[in-house]
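K.L.:
Here is the input, now give the coordinates:
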Amino acid sequence: MNKEQKIKLAKQVATIAGIMTIFVSLLLLINYYQLSTHDPTESKIIEALVQRLADDPNNEELIEEIRNYDLLARKAYFNAQWQVKTGGYLLLFFGALLIISLRIYYSLTAKIEEPKDPPENENLRKLLAQKWIIGAGTVFIAISLVAAVLSNKHYVSYSALNTSVANKEISDEDQIEVVDVVEDEESSLKDSSDRSQDVSTTAESVKSEAKSSVDTTSDDVQIAEDSQDDLQESGEGNASEFPAIGEIKNNHNAFRGPFGNGISFHTNIPTQWDGASNKNIIWKKKIPKPGYNSPVIWGDKLFISGGDKESLVVFCYDRNTGELLWRGKADNIPGSPSEMPKTTDDTGLAAPTVTTDGRRVYAIFATGDVIAFNMSGERLWAKNLGVPDNHYGHSSSLISWKEKLFIQYDTNDGGKIITLNVFNGDIIWQKERDSRISWASPILAPVDGNFQLVLSGVPIVAGYNPENGNEIWSVDCMMGEVGPSPAYADGSIFAANEYARLVAINSDNDYQIDWEKMEYLPEVSSPVVSDNLLFLATSYGVLVCYDAKSGEKYWEQEYNNGFYSSPIVADGKVYIIDMSGKAHIIEVSREFNLIAEPELGEEAFATPAFAQDRIYLRGREHLYCIGE
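P.N.:
From the prediction side, this is the model:
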């Protein structure tokens, strides 16, 4: 391009950028004016409907109408918030483009020969005109940006006020709480008496007074069932409300089993099966919704979750028969996004594994929605933690102990631990972490006779006091995108990540690193330790065994398929499932001793769960119960 063409192009770009800057600025100013003259939290329609509901609390059609208005209000809120944020970004973009193009234009035109001896006052006049134009434009853009920021803050405040009827405070006497009870999508799941009970529960929840208050950190949806639940909602409880350690070990209540450590205490676990011929397949069920989470078990009940763009659901099965007992939707949660966040195909919306304490079951999804059901499928409470800023999708699994539900919430915005009250979802404590985004899950490690909450992230592996969140120790040793969870055994914490290292941190030696390795490192699969042996699986198909105390490598075994599933030790054996669905069962030993390699017949990425005489596997499409 010659000089004249460059000048022409710069002028055209400046003109377009200027027009767009003015247009976007006007839209933001108009939006702010409308927002300042009309409070979106005031809904005369909903208030009128609530007044009618107070007079007729059993009117199911009226309840549904309020829900629909609430849904429309929340969708409008999220759309408006998105428009303000997008407008602010566009204004910055076009403003910057305008400044750059004008600068280029003036720099080029300045080189064009001017008429000789121009009048001195003419140059001064042009200079002043340019300064006035630039100054006025800058002020106009600044005012528009301030309006955008104020509008966004108003929308944030609006979100905190919970404009849905579930938390809308009308008066101290007339607070009405609207929640969705569990509704089966298949009529065969429950008989008519179960559905009648659900309807009755809904009516009772509508007639009861909402105990939640407007709080910027807690958006709770609760159902009061009886006087015992009233005690629970206050955050109080007794010993019977919490499982003992022995009771937890008798079940498989979290990702990688009791306390998330990869050790199962069950015996007589099968080693032979074949999915294609149904050999030793007690039952096999099609999974209704996709998810990469693993099964968890309490008593005769098995739980998984699933999610797609239509809904997010927790499923409860009879682990003996495979019958789907109930499904609970994570919906109508104040603060939940109107659209599902974008996730990658290998993470999805339901990557985190649920957890249960045998009294309640808890789930979290990529939307930031956390929800609790009782063991019969009735929703107890739900809240949104804010959509996690996560470029793959949230995948950190939940773990609970006594009255606390622990959530590792490491996002692009920074690291955080959030601890909720299992009875009502209120925040007990939350701590910012000196870390960045991760996809690992927390474990509970019995260090020196006391539980520590141990987390792996970037760049730290650290232990925290479960009672108050205080950091007990921290070791800077990780890098990359951390997916594997830590493991604990005999006073040592083990953490690893691909493109980083495998480390053994000694709690008896002031949490110093005893040894480290960089030869074989996992991308997703978490390590496990048993009988002073550490087992680790990589995404490129290597299973390796180290001495847990010295780091000496005893053996390595290479396979045709990689591992996303984590190894679990049960009954003196290591069970690990590769991505093709083929299991590799190896003796816990310094010598490599292959016991069996049964195949599922479909791809598998989840970690197996165990019960006495049984193993439960989640494939890509089906859920399996295996037993001889």
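K.L.:
contacts and neighbour counts: CA atoms only from here.
P.N.:
Fine.
K.L.:
I'd like to know how far residue 386 sits from residue 628.
P.N.:
Plainly put, residue 386 is 45 Å away from residue 628 if you go by CA to CA, to the nearest Å.
K.L.:
same thing with residue 252?
P.N.:
Distance, residue 252 to residue 628, by CA to CA: 20 Å.
K.L.:
for residue 533, same thing?
P.N.:
28 Å.
K.L.:
And for residue 404?
P.N.:
Taken as CA to CA, the span from residue 404 to residue 628 is 38 Å.
K.L.:
repeat for residue 433
P.N.:
Residue 433 is 46 Å from residue 628, by CA to CA.
K.L.:
So for the two, which sits in the more crowded spot?
P.N.:
When residue 433 and residue 628 are compared on other CA atoms under 10 Å, the one with more neighbours turns out to be residue 433, at 17 against 14.
K.L.:
can you pull the pLDDT of the nearest residue to that one once chain neighbours are set aside?
P.N.:
Among residues not flanking residue 433 along the chain, residue 415 sits closest, at 4.6 Å (CA to CA, 6 or more residues apart in numbering). Residue 415 is assigned a predicted lDDT (pLDDT) of 96.
K.L.:
Over to residue 372?
P.N.:
For residue 372, the model assigns a pLDDT of 98.
K.L.:
Now do the contacts for it.
P.N.:
Neighbour list for residue 372: 360-363, 379-382, 422 [criterion: CA atoms under 8 Å, 6 or more residues apart in numbering].
K.L.:
Surely residue 423 touches residue 405?
P.N.:
No: contact criterion CA atoms under 8 Å: residue 423 and residue 405 do not qualify, at 9.7 Å.
K.L.:
coming back round to it: can you select the buried ones from the contacts of residue 372 in PyMOL?
P.N.:
Buried members of the contacts of residue 372, defined by 16 or more other CA atoms under 10 Å, are picked up in PyMOL with:
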select buried, resi 360+361+362+363+379+380+381+382+422
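K.L.:
JSON lines for the contacts of residue 372, including secondary structure?
P.N.:
Below are the contacts of residue 372 laid out as JSON lines (DSSP: H, G, I helix; E, B strand; the rest coil):
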{"residue": "360", "secondary structure": "strand"}
{"residue": "361", "secondary structure": "strand"}
{"residue": "362", "secondary structure": "strand"}
{"residue": "363", "secondary structure": "strand"}
{"residue": "379", "secondary structure": "strand"}
{"residue": "380", "secondary structure": "strand"}
{"residue": "381", "secondary structure": "strand"}
{"residue": "382", "secondary structure": "strand"}
{"residue": "422", "secondary structure": "coil"}
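K.L.:
quick one, strands of the stretch 201-350 of the chain?
P.N.:
Listed in chain order, the strands of the stretch 201-350 of the chain (DSSP state E, counting those that start in this stretch) span 263-264, 281-286, 296-298, 301-307, 312-318, 324-329.
K.L.:
and those strands, which is most packed in?
P.N.:
The highest mean neighbour count among the strands of the stretch 201-350 of the chain, using mean count of other CA atoms under 10 Å, belongs to strand 296-298: a mean of 26.
K.L.:
Go ahead and name everything in contact with that strand.
P.N.:
With contacts defined as CA under 8 Å, 6+ apart, strand 296-298 is touched by 251-255, 257, 302-304, 319, 353-358, 609-611.
K.L.:
For residue 564, state which of the contacts of residue 372 is nearest.
P.N.:
Nearest to residue 564 out of these is residue 363 (CA to CA; 20.9 Å).
K.L.:
Please look at that closest one and residue 396 and confirm they touch.
P.N.:
No: using CA under 8 Å, residue 363 is not in contact with residue 396; the gap is 10.8 Å.
K.L.:
shared neighbours of the two, anything?
P.N.:
Joint contacts of residue 363 and residue 396 (CA under 8 Å, 6+ apart) are 352-353.
K.L.:
Sketch out the low-pLDDT regions of the stretch 501-628 of the chain for me.
P.N.:
For the stretch 501-628 of the chain, no stretch is flagged by pLDDT under 70.
K.L.:
right, and residue 435 touches residue 414 too?
P.N.:
Yes: between residue 435 and residue 414 a contact is recorded at 6.1 Å, counting by CA under 8 Å.
K.L.:
Tell me which of those two has more neighbours.
P.N.:
Set residue 435 next to residue 414 and count neighbours by other CA under 10 Å: residue 435 wins out with 21 against 16.
K.L.:
how far away is that one from residue 461?
P.N.:
Distance of residue 435 to residue 461, computed by CA to CA: 9 Å.
K.L.:
Now for the closest residue to residue 386 other than its chain neighbours, how many residues are close by?
P.N.:
In this structure, residue 386 finds its nearest non-sequential neighbour in residue 368, 5.4 Å apart by CA to CA, 6+ apart. Here the number of neighbours of residue 368 (other CA under 10 Å) works out to 21.
K.L.:
Next, the contact list for residue 368, please.
P.N.:
336, 384-388.
K.L.:
Make JSON lines out of the residues you listed and add neighbour count.
P.N.:
Output for these, formatted as JSON lines (neighbours: other CA atoms under 10 Å):
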{"residue": "336", "neighbour count": "24"}
{"residue": "384", "neighbour count": "21"}
{"residue": "385", "neighbour count": "18"}
{"residue": "386", "neighbour count": "14"}
{"residue": "387", "neighbour count": "19"}
{"residue": "388", "neighbour count": "20"}
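K.L.:
Can you flag which of these belong to helices?
P.N.:
Among the contacts of residue 368, no member is found in helices (DSSP state H).
K.L.:
so can I have TSV of these showing pLDDT and distance to residue 539?
P.N.:
What follows is those, written out as TSV (pLDDT from 0 to 100; distance: CA to CA, whole Å):
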residue	pLDDT	distance to residue 539
336	96	34
384	97	33
385	97	31
386	95	31
387	95	28
388	95	25
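K.L.:
Which two of these have the greatest separation?
P.N.:
Largest pairwise distance in the contacts of residue 368, by CA to CA, is 11.2 Å, between 336 and 388.
K.L.:
Mutual contacts of those two, please.
P.N.:
Common contacts of residue 336 and residue 388, defined by CA under 8 Å, 6+ apart, comprise 367-368.
K.L.:
which regions of the protein sit below the pLDDT cut-off?
P.N.:
The model of the chain has pLDDT under 70 over residues 32-44, 46-47, 58, 60, 64, 67-82, 110-141, 144-239.
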